[in-house]
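Novice: here is my input; please provide its structure:
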Amino acid sequence: MSRTSRSAAPDRRWLGLAVIAAAQFMVIMDTSIIGVALPEMQADLGFSPGSLSWVFNAYVVALGGLLLLGGKLSDVFGARRIFTAGWSVLLVGSVVAAVATSPAVELVGRAVQGAGSALIAPSALTLLFMLFGSSPRDLTKALSVYGAAAPAGGTAGVFLGGVITEYLSWPWVFWINVPIALVVLAVTPRLFPQTGAAQGRRIDLVGASTVTAGLGLAVYAVVKAPEVGWGAGQTWGALAAAVVLLGSFVALQARGRDPLLRLGVFSAPNLAAANLAQMLLGAAWIPMWFFLNLYLQQVLGYSAFPSGAALLPMTALIMIGMVVVAPRVMGAIGPVRATVVGLVLLAVGMGWLSMVDADGSFAVDVLPASLVAALGMSLAFIPTLGTAISAARPEEGGLASGIVNTSYQVGSALGLAVMTAVAAANGADLVGDAAALTEGYSAAFVGAAVVALVGAVVAGVLLKSPIAAPADDSVHAV
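Specialist: Okay, here's the model as predicted:
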C-alpha cells in the first residue's frame, strides 16, 4: 500500500464501513450457520458421521490457508479489486453448496466459499484503513464496529441456521448469501476508491500452495486424531507432513525475491505478539461458542430456533462492548491492559461455564457466565486487532490484515479441534447421556479458559507499546 490524502466523503465513509462490517459478518456467519443444519445435510447427502465435520472444516481450512494470499493480492492488485473478486467467488461457492447432491460437491462448494472469504477478509480491513486512517478517533470507532461484526456473525449464524433449518430447508443456509453478495457487488464501486496495481510485483503461488497445504494438514491431523487415535501413524504422519510443508514455506519466504510473507514484517514492534494474542483468543472463543450451543441443544433440550435465540444476549453485549465500552477502556488504561483484562474476563466466564449441570437451566447455568465471557471478548478483540494492523508498514497493510485474520482463523480451527478431543475424552462422545455430555463440555470449557489465561500472559508480557496512530494527513491506500 501507499499513503494518500484521498478519502471518501464522510457520509460515504460510514456507508463503506457498513459494507465492510457486512463482509466480516458474512465471513464469520458462514462458519457457524451450517451447525444446526448438519443433521439434515447428513441425511439428504449421505455424509458418514466421520466426514460430516468437514462441512465445517472445508470452509475453515480454505479460509485460514488462503488468507495470506488474499492479503498479498490486495496489496498487489488493489483492495477494491480483490474485495469484489472475493464476493464473486463466495457467490459461486454458495450456489454450488446449495445445489449439491453429494458429499463431494458439498465440500467443494464449502471450500470455494472459504476461498472467497479469504479474499474478502484482508481486503476489507485494508479498505477500512483507507477510509478511516486519517483520523485515529474515527479509526478506533470503525475498528469497534468491524470487530463487533465478527461475534455477531457467529451468533447470528447459529440463530439464522436454526430458523432456516426449522422453517425452510438446509440449502437456504447457502442461498441467503446470494442476494447479499449481489448487493455488495453493486455498491462497492460507488463506496470505495480504486487504486492501481503495484508494478513489478509477483504472486508467490508456490508459497501460497505450500502454506495452505501445511495448515490444512495440521487441522486435518488434529480433527481426525480423536477418531483414529493420537498415537496412530496417520495422525503423526499428517502432523509430520504439515511441519515439513510449513518449514518449507518459511524457507521459501526467506529466499524469495517477492515472497508471499516477508518474514521481516514480524520485526515490527508488537506485530508477532498481537497475532499470537489473536490466535489464542480465537482458540478460546470459538470452542466456547461451539460447546455452549451443543449444551443448549443436547443437554437442555433446546431445538434449533430457541438455541440460537439463547445466544442473542451474548451477541448484543459483545456489540455494545466493542462499539461503546472497549474504546473507552482503551482510552482509560491503554490497549495492552485492556487486552489482558479482556482475556482474563473471558477465562473467568468460561471457568464459570465449566460448572454447568446436566439438570441446569439457561438463566442460572448459561446466561450470567456467557455475558462475562462476552464482555471479555469485546475488550480483548479490538486492541489486538488494531495493534496487529497498525504495526506493519503502510504498503503491507493487506499482508498484515491477512496475517491477523489467519492467526484468528487458524487458532479457531486448532482450538476447536483440540477442545473437541478434550470433550470426547471426558464423555462428550456418549450421545444421549446428559451427564456424560455435560462432563465433556465442562472439560472443554476448562481447556478454553486455560487458553485464554495463556493469552492474557502473552499480552501482558510481550505487548509493550500502544497502538500506533497513522499520520493525521494521510490514510492507508493500496
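Novice: got a list of contacts for stretch 80-95?
Specialist: 23, 26, 30, 70, 73-74, 109-124, 127, 174-175, 177-178, 181-182, 184-185, 188-189, 192-195, 197, 398, 478 (C-beta atoms under 8 Å, 6 or more residues apart in numbering). Every C-beta, even on glycine, is put in place using the N, C-alpha and C of the backbone.
Novice: buried stuff in it?
Specialist: Using 16 or more other C-beta atoms under 10 Å as the test for burial, stretch 80-95 gives 80-87, 89-95.
Novice: likewise for stretch 161-170?
Specialist: For stretch 161-170, by 16+ other C-beta under 10 Å, it's Gly161, Gly162, Val163, Ile164, Thr165, Trp170.
Novice: contacts for that stretch next, please.
Specialist: 32-37, 40-41, 44, 172-173, 176, 303-309.
Novice: just the buried residues of stretch 80-95 now: which is nearest Val324?
Specialist: Nearest to Val324 among the buried residues of stretch 80-95 is Phe83, at 27.7 Å by C-beta to C-beta.
Novice: state the three-state secondary structure for the closest one.
Specialist: Three-state assignment for Phe83 (DSSP: H, G, I helix; E, B strand; the rest coil): helix.
Novice: repeat that for Gly231.
Specialist: Gly231 ends up coil, using three-state DSSP.
Novice: and for the one 10 residues further on?
Specialist: Classification of Ala241 by three-state DSSP places it in helix.
Novice: identify the residue nearest it in space, chain neighbours excluded?
Specialist: In space, Ala241 comes closest to Leu217 once its chain neighbours are excluded; the distance is 5.3 Å by C-beta to C-beta, 6 or more residues apart in numbering.
Novice: which phi and psi does the one you found have?
Specialist: When read as degrees, to the nearest 10, the backbone of Leu217 gives phi -70, psi -40.
Novice: narrow the buried residues of stretch 161-170 to those in helices?
Specialist: Mapping these onto helices (DSSP state H) picks out Gly161, Gly162, Val163, Ile164, Thr165.
Novice: minimum pLDDT in these, which residue is that?
Specialist: pLDDT across those is at its lowest for Gly162, which sits at 71.
Novice: contacts only, for Ser354.
Specialist: Ser354 makes contact with Ser442, Ala443, Phe445, Val446, Ala449, according to C-beta under 8 Å, 6+ apart.
Novice: let's see that with 6 Å instead.
Specialist: By C-beta atoms under 6 Å, 6 or more residues apart in numbering, the contact set of Ser354 is Ser442, Phe445, Val446.
Novice: closest one of those residues to Gly460?
Specialist: Nearest to Gly460 among those is Val446, at 21.3 Å by C-beta to C-beta.
Novice: any idea which element the closest one lies in?
Specialist: Per DSSP states H and E: Val446 is located in helix 434-462.
Novice: quick revisit: show me which of the contacts of stretch 80-95 are buried.
Specialist: Using 16+ other C-beta under 10 Å, the buried ones in the contacts of stretch 80-95 are 23, 26, 30, 70, 73-74, 109-124, 127, 174-175, 177, 181, 184, 188, 192-193, 195, 398, 478.
Novice: of those, which belong to helices?
Specialist: Judged by DSSP H, the subset of these located in helices is 23, 26, 30, 70, 73-74, 109-124, 127, 174-175, 177, 181, 184, 188, 398.
Novice: what's the mean pLDDT across the one helix or strand Trp236 maps to?
Specialist: Assigned by DSSP H and E, Trp236 belongs to helix 233-255. Mean pLDDT, helix 233-255: 87.
Novice: which residues touch the next helix or strand after it?
Specialist: Counting by DSSP H and E, the next helix or strand C-terminal to helix 233-255 is helix 271-294. By C-beta under 6 Å, 6+ apart, the residues outside helix 271-294 that reach it are 154, 158, 266, 350, 377, 380, 384, 387-388, 391, 403-404, 407-408, 411-412, 415-416, 419, 441, 444, 448, 451-452, 454-455, 458-459, 462-463.
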